[in-house]
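> Predicted coordinates and the sequence they were generated for:
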Amino acid sequence: MPSDSSFAATLEKPFKTSADFEYLRQVIMREVTDGPVPILEMMVDGSIMGRVTGLDYSVDRMSEIREMFTYSKFSPEEALEKYFQFIDLTISFSKVVGYDSVLGFASVPLQHTKAVFSQADGVSSRPWQNEHSGLIRNRSAFEAYPWPDTASINVDSFDYMAQFLSPGMKIHMMYMGVFEDLRSLMGFETMALASIDEPALLDDIIEKLTVLAEAAIGKAAAHPSVGMIFYADDMGFKTSTMLSPDFFREKIMPSQKRCAVACHKHGKPFLFHSCGQIDALMEDLIEVVGIDGMHSFEDVIEPVESVYERYGHRISILGGVDVGLLSMGSPDEVRIRVRKILDTCGKNGGFALGSGNSVTNYAKIENYYAMIDETRKWNEEQGLSFG
């Protein structure tokens, strides 16, 4: 059991004691409609996982995960050691809480523009993208950029992880999407201007990124211990898409569709994460890209209940507890919100409860526990139990 004393006081017992990814998959694919509601997180910050498990893993190291594979900051040996530490942490965390899947990454040695760090809780820091400029600002920078080939993509870490998974547990591979990488490589402002001034350059960068994404997702989805792909591609702000909906339809969604096909080729669910108000793109995501589930919800944009009522009969809806509430609310407020969500989304399948985005390092640990604990209690009160 974890060393954090608040665990016993706030979370009476693990959400469940045995993993059953196959049931989670059935819920995600809307193959069951009358069973208990599972829990699911795309990602939990390392500092939270450390507090839950009692293992030492700082948020600063968590934010360096992507850099581990570029070797721009670490030697290959240091990167491997740090990633193994992360694997040990995330598997221990998933077992302690009662999740059916554990977070994993493919190694894609793509160099990114360095992030800017700021204090989030007085101790730990959070990475922020450089919005102004990046590594690729023009055609000459594109030609000089050290593009990796697909042979350099490595999923051997999944073999290591497979040794320690609980029976019934699988890996969910998280992949930062093509639009995410495009913004990182160019900077948002440079990218936005290039979409008008140099569309051919933008197309060439997108194609390079798509080839890498397809290969990484295909290799991961082919691995027997990988159960599903979480494709993370933030496309919106609180009020609209970052660029016009037509930009995404013309430039980005063909790449997203290729990634979904690479995943579906191996019979694995393709889950889509995007922050922001992207309702203008939902029909395209469902009908064109072919997503199986949607993740990331914020109450001020649209409560998850509303999204479930509109789309829950076509795709699964995942998460929904607002990160702001987990960060600034009380445990009682979290419990009330969880029950409200479950009363609407939990009775007809196609739903898994979790945070609206991720469990951040500034979330209150007692609120995280309240979210998990109240979901378990709601299931029990409905007479729903895991096999």
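Perfect, thanks for sending it.

> In a strand, residue 192, correct?
No: if the criterion is DSSP: H, G, I helix; E, B strand; the rest coil, then residue 192 is helix and not within a strand.

> okay, how far is it across stretch 274-291, tip to tip?
End-to-end span of stretch 274-291 (CA to CA, to the nearest Å): 12 Å.

> Then stretch 380-387?
13 Å.

> Start the count at 37 instead of 1 going forward.
Okay, residue one is now 37; in that scheme the one you just asked about reads as stretch 416-423.

> neighbouring contacts of that stretch?
Stretch 416-423 is contacted from outside by 52, 54, 56, 59, 71-74, 382-383, 415, using CB atoms under 8 Å, 6 or more residues apart in numbering. Placement of C-beta: from N, CA and C, glycine included.

> Out of those, which end up buried?
Among those, those scoring as buried are 52, 56, 59, 71-74, 382, 415 (criterion: 16 or more other CB atoms under 10 Å).

> on that earlier part again, export the contacts of stretch 416-423 to CSV and append columns for secondary structure and distance to residue 125.
Shown next, in CSV, are those (DSSP: H, G, I helix; E, B strand; the rest coil; distance: CB to CB, whole Å):
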residue, secondary structure, distance to residue 125
52, coil, 20
54, coil, 21
56, coil, 22
59, helix, 25
71, coil, 30
72, coil, 27
73, coil, 26
74, coil, 22
382, coil, 29
383, coil, 34
415, helix, 27
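
> just the residues you listed now: which is nearest residue 265?
residue 74 (17.5 Å; CB to CB).

> Correct me if wrong: the closest one contacts residue 58.
No: counting by CB atoms under 8 Å, residue 74 does not reach residue 58; the two are 11.1 Å apart.

> got the buried residues for stretch 301-316?
Quick answer for stretch 301-316 (16+ other CB under 10 Å): 302, 304-316.

> just the helices in the stretch 137-286 of the chain please.
With helices called from DSSP state H, counting those that start in this stretch, the stretch 137-286 of the chain shows them at 175-180, 193-198, 214-222, 224-233, 235-258, 281-283.

> among these, which is nearest residue 207?
Closest among the helices of the stretch 137-286 of the chain, using CB to CB: helix 193-198, at 5.9 Å.

> which outside residues touch the closest one?
With CB under 8 Å, 6+ apart, helix 193-198 has contacts from 119-120, 123, 127, 138, 140-143, 207, 209, 256, 259-262.

> which of the residues you listed lies closest to residue 231?
When the contacts of helix 193-198 are compared for distance to residue 231 (CB to CB), residue 142 comes out closest, at 27.9 Å.

> Provide the count of other residues in contact range of the closest one.
Number of residues near residue 142 (other CB atoms under 10 Å) recorded here: 25.

> how about the nearest residue to it, chain neighbours excluded?
Nearest in space to residue 142, with sequence neighbours left out and distances taken as CB to CB, 6 or more residues apart in numbering, is residue 252 at 4.4 Å.

> Isn't the one you found up against residue 141?
No: contact between residue 252 and residue 141 fails when scored by CB under 8 Å: they sit 9.2 Å apart.

> Next, show the common contact partners of the two.
Common contacts of residue 252 and residue 141 (CB under 8 Å, 6+ apart): residue 211.

> same question for the helix or strand containing residue 122, mean pLDDT?
Assigned by DSSP states H and E, residue 122 belongs to helix 112-133. If you average the pLDDT over helix 112-133, you get 85.

> go on, stretch 390-407?
Stretch 390-407 carries an average pLDDT of 95.

> likewise stretch 82-92?
The model assigns stretch 82-92 a mean pLDDT of 89.

> Look up the closest residue to residue 54, ignoring the ones flanking it.
Closest residue to residue 54 apart from its sequence neighbours, by CB to CB, 6+ apart: residue 204 at 6.1 Å.

> The one you found contacts residue 60, correct?
No: using CB under 8 Å, residue 204 makes no contact with residue 60, being 9.6 Å away.

> tell me, what's touching the two both at once?
residue 136.

> Pull the helix or strand hosting residue 370 out as PDB, backbone CA atoms only.
Assigned by DSSP H and E, residue 370 belongs to helix 367-381. This file holds the C-alpha atoms of helix 367-381, laid out as PDB (Å, rounded to 0.1, in the frame of the first residue of the first chain):
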ATOM      1  CA  PRO A 367     -13.700  16.600  -1.900                       C
ATOM      2  CA  ASP A 368     -17.400  17.000  -1.200                       C
ATOM      3  CA  GLU A 369     -17.800  19.100  -4.300                       C
ATOM      4  CA  VAL A 370     -16.000  16.500  -6.300                       C
ATOM      5  CA  ARG A 371     -18.200  13.700  -5.000                       C
ATOM      6  CA  ILE A 372     -21.300  15.700  -5.900                       C
ATOM      7  CA  ARG A 373     -20.000  16.400  -9.400                       C
ATOM      8  CA  VAL A 374     -19.000  12.700 -10.000                       C
ATOM      9  CA  ARG A 375     -22.500  11.500  -9.100                       C
ATOM     10  CA  LYS A 376     -24.100  14.000 -11.400                       C
ATOM     11  CA  ILE A 377     -21.900  12.900 -14.300                       C
ATOM     12  CA  LEU A 378     -22.500   9.200 -13.500                       C
ATOM     13  CA  ASP A 379     -26.300   9.600 -13.200                       C
ATOM     14  CA  THR A 380     -26.300  10.900 -16.800                       C
ATOM     15  CA  CYS A 381     -23.400   9.100 -18.500                       C
END
